[in-house]
Every structure is written in structure tokens, then in C-alpha cells.
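Asker: pasting the sequence and the predicted coordinates here, then a few questions.
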Amino acid sequence: MGISITIASGKGGTGKTTISANLGIALAQLGKDVIILDADIEMANLELHLGLEGMKTTLQTVLAGEADIKDAIYAGPGGVRVVPAGMSIDGLRKIEYDRLGDVLEALRQMCEILIIDVPSGIGRPVVVSMSVGEELLLVTTPEISAMSDVLKTKIVAKKLGANILGVVINRALFDRTDLAVGEVETILETKVVSVIPEDPEIKMSLSAGKPVILQNPNARSVHVIRKLALELVGEEGSDEEIEIGPAPQEPQGEGIIDRLKGLFGR
Ligand SMILES: Nc1ncnc2c1ncn2[C@@H]1O[C@H](COP(=O)(O)OP(=O)(O)OP(=O)(O)O)[C@@H](O)[C@H]1O
Ligand SMILES: [Mg+2]
């Protein structure tokens, strides 16, 4: 039975789908058997990031009771398997969210790491993923306006018993407008495990329909995402270091690495 990592945030547009796609592929490149699930059923963006739009059987059809989850898993780019959310507006009406918990359990049986890309906020798919999902990464931008939203998500996650691996700060500019790593850690009482820079390559690759990790493996953001993947599987960051500006301080990932080593060993 694999582990699941829910990629959640408070505010929308912080980079959950970007991180789900690229972190999933980075983990697959490390030899892990990865499924990425698009649980953002109403917006369904993951398929656009992975060039998998237009699939017939999707999470939507499974939650409508019209298909088996096994038939909604597709070979995605970079060695990952993907469950698209589906984009039918009519299909949304037929969804029964009560089925989602069983779907998540079933998917976990079929892979080593299930990455769950959830919508922003604390709606139904988020609550179910947090209840069933063992691990959680919180994604935020380094702005004060994002903090209250992600704090709310963190509090709900704790109440539901999710295991918070840490905070990923995305779109960091490394200037005075950014909150410092220490400030984010103090506000959220949670470790920052990765700081991903603002990187124009991410948008460029999205317009090319490919995740940045495949479109431009040398992009600054990719180095950081690969390092996070290495830390998650318990290998010390052997990826070459790159200069990403005056980062306030190094992410402190040691406790997580050790703990995940144990998790992956079970
Ligand atoms: N590090 C980054 N540098 C530059 N652009 C980024 C970065 N991360 C994400 N983006 C861009 O920000 C936008 C939102 O990203 P994404 O869709 O991954 O966010 P999200 O949290 O999944 O959004 P939603 O809440 O709507 O699901 C996209 O256009 C993406 O290309
Ligand atoms: Mg998204």
C-alpha cells in the first residue's frame, strides 16, 4: 500500500497543480511508481498541465458511479500515471463525493505514491483527501495575504488528522516584498521544506502543454522541485545546487527525510 501526499493551499493559484505535476514526475524519475490524481473536479486543470485533456473515463465518471477507477488511470508524461478530473459540466451534477474516500484508498493500493491535487479552500474534496490522505504539503506564496488562508487550511488539516509534511513557498521573488522563511514558519508553526522561485519557464512550458521538468529540465524551479523529491524519498539532496538569490535561510528538511525513509520502507 502506497502513501498519499495531498497538495493543498488556502488561496487559489498558489501553484498546487504545477507542483503536483512536476513533483510527481520528479518522484517517478527517482524510480517511484506514482499516480497523480486531479481532485479539483470543478476546475480540472491537471490535464492541461500534462497534455491529457479530453479523456472519456475520468474521476467525474467514477464518482458518478459510471466507471471503475482502474479505467480512469492513464499513462502520463515522464513516467507518471494520471487520473484526470474530467471537464463535463453535465457530469458535475452526477458526482457523489461520498465515493471519493474509497477511490483514494483504491488508488493507494495501486501505486507507491499517490499525489492528490486538490482545489483551493476547504471544500469537500479537500476534506476527504485530508481525512484519507496520510501526508499533506501546504503550498503558499510568500505574501501576508496568503497566510490567513493557508493557516485556516492547516488548522482544518490538523483537526482531520492529516500529517503535515511541511510548507512549500512558491513564486518566491527573494526580495523585500517576500515574507521570510522564518516568518512563514512562525505564522504557520510548520517547517518550510522548499522555496520555489518565480520562474517564467513554468508559464512557457504550460503554454507548450508540457510540465517544466520535461520542457526545461535546467529551469531554476525544476532544480528546487527535484531537491524536494529527493528529500521526500529520503535521499539527501544530491541534485546540483543552484543560486536562487538571497534566500532567507535553507529549508530544514531533516526530520521529514528521516520520517519518510521509514514510511517508504513499510
Ligand atoms: N513558480 C512559479 N513561477 C511562475 N509562475 C508560476 C509558478 N508556479 C505557478 N505558476 C503559474 O501560476 C498559475 C497558477 O498555478 P497553478 O495552476 O499550479 O496553481 P493552483 O494552486 O493549482 O491554482 P488553483 O487554485 O486554481 O487550482 C499558472 O499560470 C502557473 O503557470
Ligand atoms: Mg490547481
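Answerer: Good, I have the coordinates. Ligands and ions are numbered 1, 2, ... in the order given.
Asker: so for stretch 109-116, mean pLDDT?
Answerer: Along stretch 109-116, the predicted confidence averages to a pLDDT of 96.
Asker: list the buried ones in it?
Answerer: For stretch 109-116, a neighbour-count test (16 or more other C-beta atoms under 10 Å) marks Cys111, Glu112, Ile113, Leu114, Ile115, Ile116 as buried. Where C-beta positions appear, they are placed from N, C-alpha and C, glycine not excepted.
Asker: can I assume the fifth one sits in a strand?
Answerer: In other words, Ile115. Yes. Remark: Ile115 belongs to a strand, assigned using DSSP: H, G, I helix; E, B strand; the rest coil.
Asker: isn't it up against Ile7?
Answerer: Yes. A contact is recorded between Ile115 and Ile7 when judged using C-beta atoms under 8 Å, the distance being 6.5 Å.
Asker: mutual contacts of those two, please.
Answerer: Jointly contacting Ile115 and Ile7 under the rule C-beta atoms under 8 Å, 6 or more residues apart in numbering are Ser20, Leu23.
Asker: among the buried residues of stretch 109-116, give me the pair with the biggest separation.
Answerer: For those, the maximum inter-member distance is 14.2 Å, found between Glu112 and Ile116 (C-beta to C-beta).
Asker: for burial, what's the neighbour tally of the nearest residue to Ser20 once chain neighbours are set aside?
Answerer: Closest residue to Ser20 in three dimensions, ignoring its sequence neighbours and counting by C-beta to C-beta, 6 or more residues apart in numbering: Asp117, at 3.8 Å. A count of neighbours around Asp117, defined by other C-beta atoms under 10 Å, yields 28.
Asker: OK, contacts around Asp117?
Answerer: Shown in contact with Asp117 (C-beta under 8 Å, 6+ apart): Ile7, Lys16, Thr17, Ser20, Ala21, Ile36, Leu37, Asp38, Ala39, Asp40, Leu46.
Asker: neighbour-wise, which of these leads?
Answerer: For these, counting by other C-beta under 10 Å, the largest number of neighbours falls to Ala21: 34 neighbours.
Asker: secondary structure element holding it?
Answerer: For Ala21, the element it lies in under DSSP states H and E is helix 16-29.
Asker: how many neighbours does Pro125 have?
Answerer: The local packing count at Pro125 equals 28, with neighbours defined by other C-beta under 10 Å.
Asker: much appreciated, bye for now.
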